[in-house]
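Asker: Give me a 3D structure for the following:
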Amino acid sequence: MPLSRHVTFSLSSFLRGLPLVGLLAILAGCSSTKSVPQGDYLYIGGDIKAASPYPETDTKALEPELNAAIRPQPNLSFLGMRPKLWIYNAMGGNRERKGIANWIKTRLGEPPVLLSDAHPERVQGQMVNRLYNNGYFSPTVEHSVDTTSKRKMAMVHYSATVGRQYTIQQIQFPQGNDSLSMAIRETEPQSLLKVNDPYHLETLIAERLRVNEVLKERGFFFFDEGYLIYHVDSTLNNKVNIYVRLKDTAPQKALIPYRYQQVRIFTDFSLGDTLGDSEPPVQFRDYQYYPDEETFKAKTILNAVFVENGDLYSRKRHLQTINRLMDLGTFKFAEVRFTPLDSIGLDGRLNADILLTQAKKKSVRAEVQTVQKSNGYAGPALTVGFRNRNALRGAELLMVNLVGSFESQLHGDSARSGLTSMEVGADAELHVPRIISPFNIRISGSMYQPRTRFKLGFRFINRQEFFQQNSFNFEYGYSWRQYATTELQINPVQVQYSRLLNPTPAFQEELALRPFLARAFDQQLIIGGNYRLVYNTQGIAGRTHQFYISPGLDFSGGLWGLFYRAKNGRPADPENPNTFRGQALSQYAKFDLEARYYFNITDKLVLATRLLGGYGLPYGNSNVLPYIKQYGIGGPNSIRAFPARSLGPGVYDPTVLMEGGNEVSQSFSYFDQTGDIRLEGNAEFRFPLLDPYLKGALFVDAGNIWLVNEDPTRPGGKFSGNFMSQLAVGAGAGVRIDVQFFVIRADLAYPLRDPTYPNGDRPTSGLFGTGVLNLAIGYPF
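Answerer: The predicted structure is shown next:
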């Protein structure tokens, strides 16, 4: 029987407990002032009340702005008690302590915040400034201190009286006929300053930044927003006239636009090098390219350069050039060094030297892992990777990986104990930093380098006493980011082929009992494409709310099915499939969605959530997805209370096999559990344990997989309307060693609900049942 604990709550017991709470609050209050010096008071906060003789003035909207100026923050308070101050006093207060007492006092406690630290006159000045900045001129701000000598506590009350808010009556931009004044006037239609809008200092500051950004795109290389000043004249009717002017002290070079005279590229620059013409450059179009093309082809590097001779300086093109060159992945540093020249006519001239420092071209990496699967197999795995960042002299990234694993079954019945599994393979990827297509496509508006990707892979699997399998895959596609938060991946060509070799009689018997599994192994030819969009704001620092959203589509056999139907006058079906060279073609459509939300409560406290959804629809030739495309659930990065790919589908129990309509018990399930539909949700609260490297987490996971079509050998596996009652649920806690670039994670999870048991009640040992320890690298999401 699962153990449970019940707590009874009643209104009468709550009322009887109120005096105790009040007594605790009084005692805590006495203790809070223990370390307050004689003649001073414990500062417990301040408040603000804004008023105006004019009813149309929204004083309530002002109060949050003024309240933000109140300093300092009082000691943390909860139900009238100040726990951190209580700890400080309990550990000796103002007396110097050593050892663990000092650590507790300084880390867990906090000293009293005193009235003498509040400085109300300074706060008044800050409030007056904020009111002026928001268009309330000539305000009155006062304060009073409310003290209780008996309790030695003090609170400061502030009051502000304001008139009507000033609004903008007129805006005038520089009136000169010089190129800078005319360029500024041309930006007026996009101005943030509008007639009849309220006066706000923040808007004036933002307007200067806007004008500077526009001028930087029009060649004004040396201009700075600090050269713009405002003359603001107030009138008697609560109006202001704003005059935008140029500082008289602005240097001459800031007043003229600049064009590029000569652009040079140095692809082998090192710190301390002098730039000279000792060796003649390669002349490519109008560029001077140093030193030669033996390492990098000039055309490839210049595809990432967006500054040209004769062009006006543009900050966007300048930054785009640096971003694109760094995004090639073959340079450690990229810099554009500008040299001003004598003016020609009304324009200034710049020489631009693009300095590139090469990264290490080749690298080899080896990784050893321990693999443990839900089917009882465990053993070592080795991955050896080779990387070449400039494979064909065009900044192409070539990655070659050799993988191998050897696994033995650690548990199971005596007939299968000690079985071995071996897997070896190789794959190669080539990333070319441009779009390769029949059409001449150059994506010039993005800050990031578009890529064409080729991938070719091979795997050989040997399951002793069951089967051998060869598999091949090839992909061709593109990826690019238009913005820092958005990436699009398009793979119009996806070919995967798996071939079953030398199945043993025992394995053939297994397939005979599981027709759906047999079809999944048979239909392993995939010809189609896949597409994915990634929206990710995690790289934007300082955000309270961060999102990761990634929908994806995967298709196979669509065009081939249309050809078959046109040729034969009927659609294909599992009994009469269309084939390619005698091999049945998989036909399916698959949609995936991963959505994550990170609530950064503070810079160290994070609530992380994730939702995973997936739906695969087999059609035409297929009534089941190919085995390699099916979903699995459970494991260190999924529902952590259950082993990897051990759950589902639905309420199906993998230890029971249906044979001839009868249940046949199995002590061991050899195959991973898979399905056509996936639904999973995770929530994790992350917090520090010992700064800066040791962190903790509390988490809960829920989800399951299901089948689209009924499988008689897996009863209860088909998706139905009561799917919510079939979710597996687990919860637990974990610790993480986080050294920024490397995370080691240990999560201990307990199953709270197992759909294979009646009502989800799993037999327990102890309070929560048997825990599952997950050791992994990196965060789960």
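Asker: Can you verify L430 is assigned to a helix?
Answerer: No - using DSSP: H, G, I helix; E, B strand; the rest coil, the assignment for L430 is strand, not a helix.
Asker: shouldn't it be in contact with G394?
Answerer: No - the pair L430 / G394 is not scored as a contact, 10.7 Å apart, by C-beta atoms under 8 Å. (Glycine included, C-beta is placed from N, CA and C.)
Asker: mind listing the helices in the stretch 401-550 of the chain by residue range?
Answerer: Assigned by DSSP state H, counting those that start in this stretch, the helices in the stretch 401-550 of the chain fall at 505-513, 515-522.
Asker: what do you get for the chain?
Answerer: 11-32, 59-67, 83-90, 99-107, 120-133, 179-186, 201-216, 298-302, 315-327, 505-513, 515-522, 558-568 (DSSP state H).
Asker: what would the ones you listed look like in a markdown table with distance to L488, mean neighbour count and mean pLDDT?
Answerer: Below are the helices of the chain laid out as a markdown table (distance: least, C-beta to C-beta, whole Å; neighbours: other C-beta atoms under 10 Å; pLDDT from 0 to 100):
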| stretch | distance to L488 | mean neighbour count | mean pLDDT |
| --- | --- | --- | --- |
| helix 11-32 | 57 | 12 | 43 |
| helix 59-67 | 41 | 15 | 94 |
| helix 83-90 | 49 | 18 | 91 |
| helix 99-107 | 47 | 13 | 86 |
| helix 120-133 | 43 | 17 | 96 |
| helix 179-186 | 35 | 17 | 96 |
| helix 201-216 | 27 | 16 | 97 |
| helix 298-302 | 22 | 20 | 93 |
| helix 315-327 | 15 | 18 | 95 |
| helix 505-513 | 40 | 14 | 82 |
| helix 515-522 | 31 | 19 | 71 |
| helix 558-568 | 20 | 14 | 70 |
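Asker: Off-centre distance for stretch 675-690?
Answerer: 14 Å (C-alpha atoms, centre = their mean, to the nearest Å).
Asker: Excluding chain neighbours, give the residue nearest to T203 in space.
Answerer: Excluding the flanking residues, the one nearest T203 by C-beta to C-beta, 6 or more residues apart in numbering is L192, at 5.5 Å.
Asker: Can you report how many residues neighbour the nearest residue to P251 once chain neighbours are set aside?
Answerer: Distances taken as C-beta to C-beta, 6+ apart place F222 nearest to P251, at 7.1 Å, with adjacent residues excluded. By other C-beta atoms under 10 Å, 19 other residues sit near F222.
Asker: my guess is F222 contacts A250, does it?
Answerer: No - using C-beta under 8 Å, F222 is not in contact with A250, being 9.3 Å away.
Asker: re the thing from before, nearest to S270, of the helices of the chain?
Answerer: Checking these against S270 by C-beta to C-beta gives helix 315-327 as the closest, at 16.2 Å.
Asker: on that earlier part again, so which of the helices of the chain gets nearest N390?
Answerer: helix 298-302 (9.4 Å).
Asker: excluding its backbone neighbours, what's nearest the residue nearest in space to the middle of the chain?
Answerer: Residue closest to the average C-alpha location in the chain (C-alpha atoms, centre = their mean): Q538, at 3.2 Å. Nearest residue to Q538 in three dimensions, chain neighbours excluded: Q546, at 5.1 Å (C-beta to C-beta, 6+ apart).
Asker: what do you get for F642?
Answerer: Closest to F642 by C-beta to C-beta, 6+ apart is G634, at 3.9 Å.
Asker: pLDDT score for that neighbour?
Answerer: Per-residue confidence (pLDDT) for G634: 90.
Asker: just I443 next, same as before
Answerer: For I443, the predicted pLDDT is 82.
Asker: ok, which stretches of the stretch 651-781 of the chain are strands?
Answerer: Assigned by DSSP state E, counting those that start in this stretch, the stretch 651-781 of the chain shows strands spanning 656-659, 662-665, 677-690, 694-706, 728-738, 743-753, 772-777.
Asker: Pretty sure the residue nearest to T203 sits against R208.
Answerer: No - with contact defined as C-beta under 8 Å, L192 does not count as touching R208 (9.7 Å).
Asker: R389 versus T300, what's the distance?
Answerer: Distance, T300 to R389, using C-beta to C-beta, to the nearest Å: 13 Å.
Asker: swap in F266?
Answerer: 18 Å.
Asker: same deal with E110?
Answerer: Taking C-beta to C-beta, one finds E110 at 51 Å from R389.
Asker: who's more crowded, those two?
Answerer: R389 (20 against 16).
Asker: Which pLDDT value goes with that one?
Answerer: For R389, pLDDT reads 95.
Asker: from here on, count from 24
Answerer: Yes, from this point I'll number from 24; that puts the last item at R412.
Asker: list the contacts for it?
Answerer: The neighbours of R412, taking C-beta atoms under 8 Å, 6 or more residues apart in numbering as the test, are G352, T353, A382, K383, K384, K385, A418, L420.
Asker: and what of F354?
Answerer: Contacts of F354 (C-beta under 8 Å, 6+ apart): L348, L379, T380, Q381, A382.
Asker: Between L215 and R231, which contacts overlap?
Answerer: With C-beta under 8 Å, 6+ apart, L215 and R231 have no common neighbours.
Asker: how far away is A84 from S502?
Answerer: Counting by C-beta to C-beta, the gap from A84 to S502 is 47 Å.
Asker: cool, and E331?
Answerer: 27 Å.
Asker: what does G116 give?
Answerer: Distance from G116 to S502, by C-beta to C-beta: 61 Å.
Asker: What of F764?
Answerer: Distance from F764 to S502, by C-beta to C-beta: 24 Å.
Asker: Compare these two (neighbour count), which wins?
Answerer: S502 (18 against 5).
Asker: Skip the chain neighbours and tell me the closest residue to the more buried one.
Answerer: Q512 (4.6 Å).
Asker: hmm, which helix or strand of this protein has the shakiest average pLDDT?
Answerer: One helix or strand of the chain scores below all others by mean pLDDT, DSSP states H and E: helix 34-55, with a mean of 43.
Asker: Name all residues that make contact with the closest residue in space to D350 that isn't next to it in sequence.
Answerer: Using C-beta to C-beta, 6+ apart and skipping the chain neighbours, the partner closest in space to D350 is Q472 (4.1 Å). Q472 is in contact with A327, R347, D350, L351, P456, R457, W503, counting by C-beta under 8 Å, 6+ apart.
Asker: neighbours of the first one, just the number please.
Answerer: Residues lying near A327 (other C-beta under 10 Å) number 22.
Asker: Then the fifth one?
Answerer: In terms of burial, P456 registers 21 neighbours under the definition other C-beta under 10 Å.
Asker: follow-up on the earlier one: can you list the helices of the stretch 424-573 of the chain in CSV and add distance to L556?
Answerer: As requested, those are exported to CSV (distance: least, C-beta to C-beta, whole Å):
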stretch, distance to L556
helix 528-536, 38
helix 538-545, 28
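Asker: Q188: which of those helices is closest?
Answerer: When the helices of the stretch 424-573 of the chain are compared by C-beta to C-beta, helix 538-545 sits nearest Q188, at 70.5 Å.
Asker: Report all helices and strands that that closest one contacts.
Answerer: strand 509-524, helix 528-536 (3 or more C-beta pairs under 8 Å, 6 or more residues apart in numbering; DSSP states H and E).
Asker: Can you lay out those as CSV showing distance to E144?
Answerer: Shown next, in CSV, are those (distance: least, C-beta to C-beta, whole Å):
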stretch, distance to E144
strand 509-524, 50
helix 528-536, 85
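Asker: closest to E317 out of the ones you listed?
Answerer: By C-beta to C-beta (comparing all of the helices and strands packed on helix 538-545), the closest turns out to be strand 509-524, at 33.3 Å.
Asker: Run me through the strand neighbours of that closest one, direction for each.
Answerer: Counting by DSSP bridges, the strands paired with strand 509-524 are strand 490-506 (antiparallel), strand 548-559 (antiparallel).
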